Each structure stands twice: as structure tokens, then as C-alpha cells.
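**Q** have a look; sequence and predicted model below, questions after that.
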Amino acid sequence: MSKVKTYQLNKSKSNSLLSDLGILVKFKLTMMVVISSQLAYAISAGAAFDWMVFSFLSLGGFLITGAANTLNQVLEREFDINMERTKDRPLAAKRMTVSTGVMFAGFMSLIGVSLLALLNPLSGLLGMLSMIIYAFIYTPLKRVSTLSVGIGAIPGALPVLIGCTAHSGALTILGILLFCIQFLWQFPHFWAIGFLAFEDYKKAGFKLLPEHNGMIDRRVGLHSFIYAVLLIAVIFSLSVVSTISAIAIVFSALMTVVYAAYSLNFYIKHDRSSARKLMFSSFVYLPVVLIVLLVF
């Protein structure tokens, strides 16, 4: 009987550790990042698709993103306690020590950068740059200035560029344009999320949205619309890339018009309902556009 109880206790601890590791690396978010990088690689490689390169890119990207998210939680553990959605994170709740978190981040970053560097030096460099900007520039800047959103959009868009360089080993027009798409997409996406979680962010002292008299500046919706419109210009710029079809460009442009319409609606109504609609449309927009560019 005691052996059964011991086994169940050990199994429970094991499941708890795995669950905490999933939270530490922000598993779902990290997988979204990896998938965007995978799709960019497939778009760039075309018929030259290589499963070995794809595997190194996927694992390396997952580990680097996981390391960046872990370092983010190490640095923000005292602030995460103040937010409902983050107070139960392993470091904030003190189920995991800081040294353990740093150790996991160190191993993941070392292996992740090494895997990307095995593909080519540029991919390794961009992977390391992405982690450094996210963890050591964006993370502390969140408590100082709303400029952090623009800074954070850089590592947020680098995965698609890394996906392209994994194939080419160099900066290409396609890679730069895909980077621009993911960079611009993030502003309406994040501002919608920030609008919905504004009070939580404020409790933690994060300055992520512009304010006016203690309230969210309604111009955040206008800026979301402007960035979405800029996306349309980038989409049509893909016409200079010979491997991208006119059908893919037109369909992607139509998707972007819809995304811009949700952004405009957010500006006009400036309420939780319009912010929620914009947020959900952003979840759909990016993967669909990347899949369209790959398939057509």
C-alpha cells in the first residue's frame, strides 16, 4: 500500500514539474512562434524543402523562444504576483527557484542557438539577438515606456526571418517582407490584448498602452488601423518575389482589409467587445496568410 502511495506521489510531482515547465516556456505561445518560423521556411525553401533543416529550425526555435520566455519570468517574478493571469506562474508562486529558472534558460539558449548556428551563422545570430532583445531590452522597458511594444515587436517578428535564413543563409527580399508582415501584425494584435488586460497590467506597473487621464487613449485604435493598412502595402510588395502567386497576394490583401476593418471598428467603438473581435481576428490572420502564401 505504501509503495502505491509513494508511486502516486512521485507521479504527481512529475506531472507538476512538467506542467510548470510548460508554463515557464509558455508552451502554446512558443508553439505559435515555431509554427510561424516553420511556415516561413517552407515558403522560402519551396521544392528544396529539407526535413533535417526543418527539424533543427523547429527544435532550435522552440528552445530559444522558451529560454526568452523563461528569462522574462525570472525578471518579472515580483510583478507577476500582482496579475491574476500570471500570479500562479512557477517563479511568481515560488514553486521554482530563480537559480533553477536561470539554469533551464541557460541550457535552452545554448542548445537552441547551437542548433540554428549549425544551419548557418546568420540564423544562429538572429536567434541569439531575438532572445537578448526580448529578455533584456523589451522586458525591463515594459515598466518604463510604451515604446516597449515596438521593441518587443522586433523579436516577435524575427522567427519568420530566421525561417527564411534557415534555407537561404542570407537576408532575402522574401524574408524581409515576411518580417515586416509579422512586425506590423503585432501592433493591433497586442493593443487589443492590452486593452482587455489593461487593469491587470496597471497593477503590475507595466506601461504598455498610451493613457489619457488614467484611461486608455482611444487613439490606440486609430494606430491599430494605420498599422493594418500598412500591412496591405507590404502584402502587395510581395509581387516582386517570383515564387509568390498573384492569387496568394490578392487573397492575403483581402484578409488584411478585413483585419484593418476590425481595427477601425476598435477605434470607433473603443470597448471590450471590439477589442475582443480584433484580438480573435489577429489569431486567425497571421497563420492563414502564411498558409495562403505557402499553398498558392
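**A** Nice, I can see it. Residues are numbered from 1 along each chain as shown.

**Q** would you map the helices across the stretch 101-250 of the chain?
**A** Counting by DSSP state H, counting those that start in this stretch, one finds helices in the stretch 101-250 of the chain at the ranges 121-132, 139-141, 148-168, 173-196, 198-204, 219-237, 246-269.

**Q** quick one: closest of the ones you listed to Asn72.
**A** With distances scored as CB to CB, the stretch of the helices of the stretch 101-250 of the chain nearest to Asn72 is helix 139-141 (5.1 Å). (Each C-beta comes from the backbone N, C-alpha and C, glycine too.)

**Q** from the chain's centre, how far out does the closest one sit?
**A** A distance of 16 Å separates the centroid of the chain from that of helix 139-141, by CA atoms, centre = their mean, to the nearest Å.

**Q** scan this protein for its longest helix.
**A** Counting by DSSP state H, the longest helix found in the chain is helix 51-80.

**Q** helices and strands around it, which ones?
**A** On a contact count with 3 or more CB pairs under 8 Å, 6 or more residues apart in numbering; DSSP states H and E, helix 51-80 meets helix 2-24, helix 27-45, helix 98-119, helix 121-132, helix 139-141, helix 148-168, helix 198-204.

**Q** what about the nearest residue to Asn69 once chain neighbours are set aside, distance to Glu199?
**A** Distance criterion CB to CB, 6 or more residues apart in numbering; nearest residue to Asn69, sequence neighbours excluded, is Lys26 at 4.4 Å. Remark: distance between Lys26 and Glu199 (CB to CB, to the nearest Å) = 21 Å.

**Q** try Leu18
**A** 32 Å.

**Q** just list the residues touching the residue nearest to Asn265 when sequence neighbours are not counted, thanks.
**A** Once flanking residues are discounted, Asn265 sits nearest to Ser274: 5.0 Å by CB to CB, 6+ apart. Counting by CB atoms under 8 Å, 6 or more residues apart in numbering, Ser274 touches Gly221, Tyr262, Asn265, Phe266, Ile268.

**Q** so for Ser274, what's the pLDDT?
**A** pLDDT, Ser274: 96.

**Q** quick revisit: which among the contacts of Ser274 gets closest to Leu286?
**A** Among those, and counting by CB to CB, the member closest to Leu286 is Tyr262, at 13.5 Å.

**Q** show me the contacts for that closest one.
**A** Contacts of Tyr262 (CB under 8 Å, 6+ apart): Pro188, Ser274, Lys277, Leu278, Ser281.

**Q** quick one: which of those is nearest Ala135?
**A** Taking CB to CB as the measure, Pro188 is the one of the contacts of Tyr262 closest to Ala135, at 24.4 Å.

**Q** what about the nearest residue to that closest one once chain neighbours are set aside, neighbour count?
**A** Among residues not flanking Pro188 along the chain, Ser224 sits closest, at 3.8 Å (CB to CB, 6+ apart). Neighbours of Ser224 under the rule other CB atoms under 10 Å: 28.

**Q** Ser224 contacts Ile268, correct?
**A** No: using CB atoms under 8 Å, Ser224 makes no contact with Ile268, being 11.3 Å away.

**Q** hey, C-alpha coordinates of stretch 35-47 in PDB?
**A** The C-alpha trace of stretch 35-47 is given here as PDB (Å, rounded to 0.1, in the frame of the first residue of the first chain):
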ATOM      1  CA  ILE A  35       4.900  27.300 -36.500                       C
ATOM      2  CA  SER A  36       5.300  30.800 -38.000                       C
ATOM      3  CA  SER A  37       9.000  30.100 -38.400                       C
ATOM      4  CA  GLN A  38       8.200  26.700 -40.000                       C
ATOM      5  CA  LEU A  39       5.800  28.200 -42.400                       C
ATOM      6  CA  ALA A  40       8.300  30.900 -43.400                       C
ATOM      7  CA  TYR A  41      10.900  28.200 -44.000                       C
ATOM      8  CA  ALA A  42       8.500  26.200 -46.200                       C
ATOM      9  CA  ILE A  43       7.600  29.300 -48.200                       C
ATOM     10  CA  SER A  44      11.200  30.100 -48.700                       C
ATOM     11  CA  ALA A  45      12.500  26.600 -49.500                       C
ATOM     12  CA  GLY A  46       9.700  25.500 -51.800                       C
ATOM     13  CA  ALA A  47      10.800  22.400 -53.700                       C
END
